[in-house]
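[1] Any chance you could fold what I've pasted below:
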Amino acid sequence: MWFGQMSVNCGQITVMVKHTAKTKKSSGYNTSDDNISANVVSEPALAYGYTPQDTIATRTIVLMGMDGKKDFAGIKNENDFISIIRSGIPKQAMMHLMEVADISLNEMASIIHTSDRTLRRYVAHQRLSQDQSERMVEIARLYSRGEEVFGSMNDFKNWMDTVLLPFGNKKPKAFLDTSLGIAMIMDELGRIQHGIFA
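    A predicted model of the protein is given here:
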């Protein structure tokens with residue numbers, strides 16, 4: 001006889017299958033129990049209706065300090081950021097992200113390819129350009145992912161400020177000024193998560 005049980009633990013769906021085998025002996029039946037546990041899916045809390053994209057989108061919004069803001073209310077997944085990027089995110093989102101990520105005004109000016117003087121002149125609600133907005137969303141996604149991999153934002157920020165061999169003996173933070181550089185850091189985070197070190 002087969003019967004199964006499903007449970008959700010730590011964001012993973014685990015299926016417990018209990019198999020009871022009956023073998024016939026000359027004097028009657030002998031019953032033995034075998035318990036088999038298998039991780040079937042490692043997606044975050046699918047049973048609660050969340051998807052990985054929802055989690056990333058939500059954390060990205062929070063890192064930019066835009067949770068609860070009208071313009072960001074309709075964002076349910078990463079694809080929804082496209083319209084926000086096209087219309088531009090406000091400078092206040094960038095300032096919040098700079099504080100969370102420990103990025104200085106000079107560093108941010110370099111990252112978004114402008115001067116620190118120009119950046120200082122932006123008012124809080126002024127919209128960044130499409131390219132600058134896209135960079136902010138990419139950085140927020142990166143820091144969200146880094147916090148997830150390292151278990152804390154402080155540990156990830158320390159890693160970003162450490163000279164590392166996979167980045168040519170440079171700090172990962174030095175690569176935030178290009179989309180390709182951010183993708184390289186994302187790839188390295190994936191290797192770290194899976195225990196593959198360069």
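[2] quick one, longest helix in the chain?
    If you go by DSSP state H, the chain has its longest helix at helix 130-150.
[3] next structured bit after that helix?
    As assigned by DSSP states H and E, the chain's next helix or strand after helix 130-150 is helix 153-160.
[4] so what secondary structure elements neighbour that next one?
    Helix 153-160 sits against helix 91-101, helix 130-150, with contacts defined as 3 or more C-beta pairs under 8 Å, 6 or more residues apart in numbering; DSSP states H and E. Every C-beta, even on glycine, is put in place using the N, C-alpha and C of the backbone.
[5] tell me the domain boundaries of the protein?
    2-41, 51-193 (automatic domain parsing).
[6] Mean neighbour count, those domains: which tops it?
    domain 51-193 (a mean of 16; mean count of other C-beta atoms under 10 Å).
[7] follow-up on the earlier one: mean pLDDT lowest where, among the domains of the chain?
    Between the domains of the chain, the lowest average pLDDT goes to domain 2-41, which shows a mean of 41.
[8] Residue 129 reaches residue 87, doesn't it?
    No - Residue 129 is beyond contact range of residue 87, at 10.8 Å (criterion: C-beta atoms under 8 Å).
[9] which one is the residue most central in space within the chain nearest to, not counting chain neighbours?
    In the chain, the residue lying closest to the centroid (C-alpha atoms, centre = their mean) is residue 145, at 2.9 Å. Spatially, and ignoring its direct neighbours in sequence, residue 145 is nearest to residue 189 (5.6 Å; C-beta to C-beta, 6 or more residues apart in numbering).
[10] that's a helix at the one you found, yeah?
    Yes - counting by DSSP: H, G, I helix; E, B strand; the rest coil, residue 189 falls inside a helix.
[11] separation between it and residue 124?
    From residue 189 across to residue 124, the span is 31 Å (C-beta to C-beta, to the nearest Å).
[12] swap in residue 151?
    Look at residue 151 and residue 124: by C-beta to C-beta, they are 32 Å apart.
[13] for residue 64, same thing?
    13 Å.
[14] Could you do residue 167 as well?
    Counting by C-beta to C-beta, the gap from residue 167 to residue 124 is 34 Å.
[15] Would you confirm that residue 153 contacts residue 145?
    No - using C-beta under 8 Å, residue 153 makes no contact with residue 145, being 11.4 Å away.
[16] any shared contact partners between those two?
    In terms of C-beta atoms under 8 Å, 6 or more residues apart in numbering, residue 153 and residue 145 are not both contacted by any residue.
[17] tell me the contacts of residue 137?
    Neighbours of residue 137 in contact, by C-beta under 8 Å, 6+ apart: 60, 64, 81, 84-85, 89.
[18] rewinding a little: how about JSON lines for the helices and strands packed on helix 153-160, with distance to residue 194 added?
    Shown next, in JSON lines, are those (distance: least, C-beta to C-beta, whole Å):
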{"stretch": "helix 91-101", "distance to residue 194": "24"}
{"stretch": "helix 130-150", "distance to residue 194": "10"}
